[in-house]
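Participant: How does the following fold in three dimensions:
(chains A and B)
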2 protein chains.
Amino acid sequence: MSSEISIADKQMARQNGIVQPLLTDLYQITMAYAYWKSGKVNDVAVFDLFFRTNPFQGEFTIFAGLEECMKFLENFHYSNSDIKYLKQTLPENIEPEFYLYLKELTCKDIIVSAIEEGSVVFPRVPLLRVEGPLIVAQLLETTLLTLVNFASLMATNAARYRMVAGKNVSLLEFGLRRAQGPDGGLSASKYAYIGGFDGTSNVLAGKMFNIPVKGTHAHSFVTSFSTLDDIHRVTLTHAQTREPCNLLESAMEWRSRVSTVIDVSTEESSDGELAALISYAIAFPTGFLALVDTYDVKRSGLLNFCAVALALNDCGYRAVGIRIDSGDLAYLSVLARETFEKVGETFNVPWFAKLTIVASNDINEETILSLNEQGHKIDCFGIGTHLVTCQRQPALGCVYKLVEINGQPRIKLSQDVGKVTIPGHKEAYRLFGADGHALIDLLQRSSEPAPVVGQKVLCRHPFQESKRAYVIPSYVEHLYKICWKDGRVCTAPKPLSKVRERVQSSLRTLRQDIKRNLNPTPYKVAVSDDLYNFIHDLWLQNAPIGELS
Amino acid sequence: MSSEISIADKQMARQNGIVQPLLTDLYQITMAYAYWKSGKVNDVAVFDLFFRTNPFQGEFTIFAGLEECMKFLENFHYSNSDIKYLKQTLPENIEPEFYLYLKELTCKDIIVSAIEEGSVVFPRVPLLRVEGPLIVAQLLETTLLTLVNFASLMATNAARYRMVAGKNVSLLEFGLRRAQGPDGGLSASKYAYIGGFDGTSNVLAGKMFNIPVKGTHAHSFVTSFSTLDDIHRVTLTHAQTREPCNLLESAMEWRSRVSTVIDVSTEESSDGELAALISYAIAFPTGFLALVDTYDVKRSGLLNFCAVALALNDCGYRAVGIRIDSGDLAYLSVLARETFEKVGETFNVPWFAKLTIVASNDINEETILSLNEQGHKIDCFGIGTHLVTCQRQPALGCVYKLVEINGQPRIKLSQDVGKVTIPGHKEAYRLFGADGHALIDLLQRSSEPAPVVGQKVLCRHPFQESKRAYVIPSYVEHLYKICWKDGRVCTAPKPLSKVRERVQSSLRTLRQDIKRNLNPTPYKVAVSDDLYNFIHDLWLQNAPIGELS
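Facilitator: I've put the predicted structure just below:
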């Protein structure tokens, strides 16, 4: 077991090889030099990493990517070759001492506080708070954003699919071929699993992250067989008796019998398809799940599948089911279910009615909602492109903003009030009602006492004076935990399955109307009265002189 | 130099560490077993890799990713740990000999023919033709698709930005923080460069792929300074005389003088911003490009920038320019240009009029077209999210289809005629007119003689009988070159800069109406008369018996 782990570790290290300090925007390094050069080496800063809008026109987001951020901090170090490259790239007149300074940099003086990975999170509430030397904290910006943005977007997308599909349907991620390159595909598999998918087709993701992998065969497998003569092997050993069964003969016989029951002529069905399914069944007698839409689901695929499944049954094996990858999935799944019920009843094979029906083909949230309305009979969706590319909104706009320097708050003003930052070192609390639902997220100045259960708290909209309300929490959750301090990760790494559970338990604390697909209710994020006044005093101090704009 | 190369190679190897046989869909491996088990080990197959629709509602695509595909073939090998993982993952009753077979697999018997990387390509014309043992060719599917799909999509997206921006504007890729993870960001930088971008902010991409890297500073740099007291260092050595210059004093004086010229009060401008710009100029006197929208471009940023640029000028340095990251980019760029012209004229600094204006902030193709109409004065666009996520269409739908097995053609029929595959081993030719423009791409059966210059060729729509035309080519390009054979790459690797040139030269062969943004004319892809008849005979043979559907 230990050797396996070390191999997986090595592979992860290889993947993580590119998550290094140079995986950043050049301006972080030029800024670092300008800070260094202007005597700001000992300045200490606080940065908030947050987003401004939930993705997918929804009202919640799942926070993911924290563990990768921790690995990045652990390994943060400029190699000799990095320094050499920077020397070639930056202007010649950079002072050589700066490179010596960079060479020694680590994250030992950085403190990162974060919301628990897998939690539901909301606009403006910082996901990460990064404190420490200004230069180091600034140098982390791009990489942290890269690691959090896509991970959170994918996990959120996956969680949304899970919600519309319901608990009783399996969801498989099939998107590798459409992802943003190899690592995009691996990240998609990982964060889709965290968000609530049950498995992936991506074998390497399965190996690296211990995610269940699934898959059977493609159309090309079926079309590679033309006639029954293409079958080179027809016998299978009976599961119990170990007697040889002739699967071809048996399937041919069953095809005739089934054809009369489901009113499809055997002449209409493809012999090449039958040959392919028999060959596949012989290879995977315990895992026979067949693609049935290569020629025609109704006139060929279902008949051939039932014939082979019944032949397998005679040989002591239970078929798993079918996959449909084209056409009207609602209609075809209902047709398939009715066929299985009828065949199962006619030939007294009761489990036939429960055969698994997998559907794939360009499925997105809307497709699933529409299939739900049409009363589909699908047990499992395989989802690729729309899931992994997050087609509906392919980027989450996390930003990383300076909110304090040397103990002095910083505010970034903007003509667009939504872009004004909330200044200072803050804490975030989630207030829960008596029914266990989250009521509101509250940002406070770190100097304020935490909200207390049973005591009313004034919650204010950060920018609109008139919007305010008292809330009496039944439970208060302090959202931040220190996860990096003194050069070490402070929280035990959690297996993906735990993060995956956290997603579902965290989602359960949200009211249904916040989670619904159409016109969800916004969840409220508020600031304390103290923080409200702090923001607005600072705003006033920084207001431009001159005309109103 | 050689040590540098070896370091870069090592880093690329690390990145490519995840491009391995397990980076695939599980069904490729289950199919491989079913083929193996059913005696199809010696079957030989031909697969075509192609797409069906150009992305971004355009009428062309740029083919990229070929070199990565070659590296994948070179390194194709199941490790012991891969085999161990597969044994755990596949059903128990898999014959052990299959794993021995997998362990020995390489791509030595595969032949890959491909269109040149960086070429414009069109729907249905295979980009890659993969021939060889059925099992091996099948096992390559997902990884090849992963490597071609995103690379080609990104290169196409970048080429479209280049077209709308025109030749005289610089384009920089700023998308790392919004990409699909670390490798998505690196691939985006690489293929944006190939597609026509001039550089990237991504330092690691610069190091790995030798792409120019660019960047200056962010808003946080500006907000980290509050007052003029935050400047710790005010002197800069004169570029020629080596005398010390007090940049603060000089900039303060210039700020007063410029303020009267551009009618902005010095009181309106931010002292913190001035402090930041002075500090940045002292660090980068030869590369002073300043972000001017932290507070207010008109009332603060431009005034402070001009003051520092003129102070630098006194000290023997020429400022580079400004970046604007918010607001009305057309208006602000015109305002900035007018300001620079006026200030340059008033103080007799003629090069001031030519200062570089960089614009960023959520720019996409439409924004650039709209800015063009408004007569912007921008010299350089920094483009992030929309470029790297290909927001308008985040996936290219390349597919990989079996077209021949053991010398017998295969056709995949579909109720959707656009999804019918063109069967058999084929060659592709591009026919050019006398003016050098590409007229049509022509697919033929490999047994047919190539089209001849000056002789008319019948070109037919693959599926619509009535659509046909004679074409007399002035030049004929055979689109395929064998790039992999006998276990080796057959074509010399080209530096990225050459592939980048190929993109532009290939695009120049397309008529303007095919490339235009709005309602472009489709480029025609045809089949020879022989191939037309071949397709339709086969179609008839495979037509289902029964009702019309």
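Participant: State the pLDDT value of A:Q180.
Facilitator: Listed pLDDT for A:Q180 reads 85.
Participant: Does it touch B:S187 like I think?
Facilitator: Yes: using CB atoms under 8 Å, A:Q180 is in contact with B:S187, at 6.5 Å. From N, CA and C alone the C-beta is placed, and that goes for glycine too.
Participant: Settle it for me: which of the two has more neighbours?
Facilitator: Taking other CB atoms under 10 Å in any protein chain shown, A:Q180 and B:S187 do not tie; A:Q180 has more neighbours (32 against 28).
Participant: Name the helix or strand for the one residue sitting closest to the centre of chain A, please.
Facilitator: Centroid-nearest residue in chain A: A:A155, 2.4 Å away (criterion: CA atoms, centre = their mean). Using DSSP states H and E, A:A155 maps to helix A:141-165.
Participant: outside of the helix or strand following that helix, which residues touch it?
Facilitator: Going down the chain from helix A:141-165, the next helix or strand is strand A:170-173, by DSSP H and E. Strand A:170-173 is contacted from outside by A:158, A:161-162, A:165, A:188-189, A:192-193, A:196-202, A:214, A:358, A:379-384, A:387-388, using CB atoms under 8 Å, 6 or more residues apart in numbering or on different chains.
Participant: again, only this time at 6 Å
Facilitator: A:161, A:165, A:189, A:192, A:197-200, A:214, A:380-382, A:387 (CB atoms under 6 Å, 6 or more residues apart in numbering or on different chains).
Participant: Among those residues, which ones are in strands?
Facilitator: In strands, defined here by DSSP state E, the members of the contacts of strand A:170-173 are A:199-200, A:380-382.
Participant: May I see the ChimeraX selection of the buried members of those?
Facilitator: Only the buried entries of these go into this ChimeraX selection, using 16 or more other CB atoms under 10 Å in any protein chain shown:
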select /A:199,200,380,381,382
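Participant: Same list, the ones in strands among the contacts of strand A:170-173, but as CSV with distance to chain B please.
Facilitator: Formatted as CSV, the ones in strands among the contacts of strand A:170-173 follow (distance: CB to the nearest CB, whole Å):
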residue, distance to chain B
A:G199, 9
A:T200, 8
A:C380, 14
A:F381, 16
A:G382, 10
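Participant: which residues in the stretch 201-350 of chain A form helices?
Facilitator: In the stretch 201-350 of chain A, the helices defined using DSSP state H, counting those that start in this stretch lie at A:203-209, A:219-223, A:247-262, A:271-283, A:302-314, A:329-346.
Participant: Quick check: end-to-end length of stretch A:123-136?
Facilitator: Stretch A:123-136 has an end-to-end distance of 26 Å (CA to CA, to the nearest Å).
Participant: ditto for stretch A:401-416
Facilitator: Using CA to CA, the end-to-end distance of stretch A:401-416 comes to 16 Å.
Participant: returning to what we had before: can you name the residues in contact with the helix holding A:A155?
Facilitator: With contact meaning CB under 6 Å, 6+ apart, helix A:141-165 is reached by A:23-25, A:28, A:55, A:61-65, A:68-69, A:72, A:171, A:188, A:191-192, A:194-197, A:365, A:368-369, A:390, A:396, A:398, A:400, A:503, B:176-178, B:180-182, B:185.
Participant: for the contacts of strand A:170-173, which one is nearest B:Y99?
Facilitator: Nearest to B:Y99 out of the contacts of strand A:170-173 is A:K214 (CB to CB; 20.0 Å).
Participant: count of neighbours near the closest one?
Facilitator: Residues near A:K214, counting by other CB under 10 Å, number 25.
Participant: Now it: closest residue in space that isn't a chain neighbour?
Facilitator: Take A:K214 and drop its neighbours on the chain: the residue closest to it by CB to CB, 6 or more residues apart in numbering or on different chains is A:G199, 4.6 Å away.
Participant: I'd like to know the beta-bridge partner residues of the one you found.
Facilitator: A:L172 (DSSP bridges).
Participant: Spell out which residues sit in contact with it, please.
Facilitator: Applying CB under 6 Å, 6+ apart, one finds that A:G199 lies in contact with A:172, A:212, A:214.
Participant: which among those residues gets closest to chain B?
Facilitator: A:K214 (6.2 Å; CB to the nearest CB).
Participant: Any idea what the nearest residue in space to A:N54 that is not next to it in sequence is bridged to?
Facilitator: The shortest distance from A:N54 to any non-neighbouring residue, by CB to CB, 6+ apart, is to A:T61 (5.1 Å). Judged by DSSP bridges, the bridge partners of A:T61 are A:V121.
Participant: Read off the pLDDT value for A:T61.
Facilitator: Looking at A:T61, its pLDDT reads 98.
Participant: What of A:D296?
Facilitator: pLDDT, read off for A:D296, is 91.
Participant: just the one 3 residues further on next, same as before
Facilitator: With respect to pLDDT, A:R299 has a value of 92.
Participant: What is the neighbour count of it?
Facilitator: Neighbours of A:R299 under the rule other CB under 10 Å: 20.
Participant: One more: A:E267?
Facilitator: As a burial measure, A:E267 scores 11 neighbours (other CB under 10 Å).
Participant: Spatially nearest residue to A:S224, not counting backbone neighbours?
Facilitator: B:I405 (5.3 Å).
Participant: where does the residue of the stretch 401-549 of chain A found nearest chain B fall, helix, sheet strand or coil?
Facilitator: Nearest residue of the stretch 401-549 of chain A to chain B: A:L402, at 4.0 Å (CB to the nearest CB). Following DSSP: H, G, I helix; E, B strand; the rest coil, A:L402 is assigned to strand.
Participant: Surely it and A:P409 touch.
Facilitator: No: applying CB atoms under 6 Å, one finds A:L402 not in contact with A:P409, separated by 9.8 Å.
Participant: So those two - more neighbours on which side?
Facilitator: Counted by other CB under 10 Å, A:L402 and A:P409 do not tie: A:L402 has more neighbours, with 26 against 21.
Participant: Check the gap between the residue nearest to that one when sequence neighbours are not counted and B:L329 for me.
Facilitator: Leaving aside its sequence neighbours, A:L402 sits nearest to B:S220 (CB to CB, 6+ apart; 4.0 Å). For B:S220, the distance to B:L329 equals 21 Å [CB to CB, to the nearest Å].
Participant: Kindly report the same for A:E67.
Facilitator: A:E67 is 38 Å from B:L329, where distance means CB to CB.
Participant: who's more crowded, these two?
Facilitator: Using other CB under 10 Å, the more surrounded residue of A:E67 and B:L329 is B:L329, with 25 against 18.
Participant: Now that one. Nearest residue, chain neighbours left out?
Facilitator: Take B:L329 and drop its neighbours on the chain: the residue closest to it by CB to CB, 6+ apart is B:A359, 4.7 Å away.
Participant: Chain B contacts on the stretch 301-450 of chain A?
Facilitator: A:385, A:389, A:391, A:394-395, A:402, A:405, A:410, A:412 (CB under 6 Å from any CB of the partner chain).
Participant: Turn those into a markdown table, columns for secondary structure and pLDDT.
Facilitator: Listed next are those as a markdown table, based on DSSP: H, G, I helix; E, B strand; the rest coil; pLDDT from 0 to 100:
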| residue | secondary structure | pLDDT |
| --- | --- | --- |
| A:T385 | helix | 91 |
| A:T389 | helix | 90 |
| A:Q391 | coil | 85 |
| A:P394 | coil | 88 |
| A:A395 | coil | 90 |
| A:L402 | strand | 94 |
| A:I405 | strand | 94 |
| A:R410 | coil | 90 |
| A:K412 | coil | 78 |
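Participant: Out of those, flag the one nearest to A:R460.
Facilitator: Using CB to CB, A:K412 comes nearest to A:R460 of those, at 20.0 Å.
Participant: tell me the contacts of that closest one?
Facilitator: Applying CB under 6 Å, 6+ apart, the residues near A:K412 are A:401, A:421, B:223.
Participant: Kindly recompute the last result at 10 Å.
Facilitator: Taking CB atoms under 10 Å, 6 or more residues apart in numbering or on different chains, we find A:K412 in contact with A:399, A:401-403, A:419-423, A:542, B:219-220, B:222-223, B:294-295.
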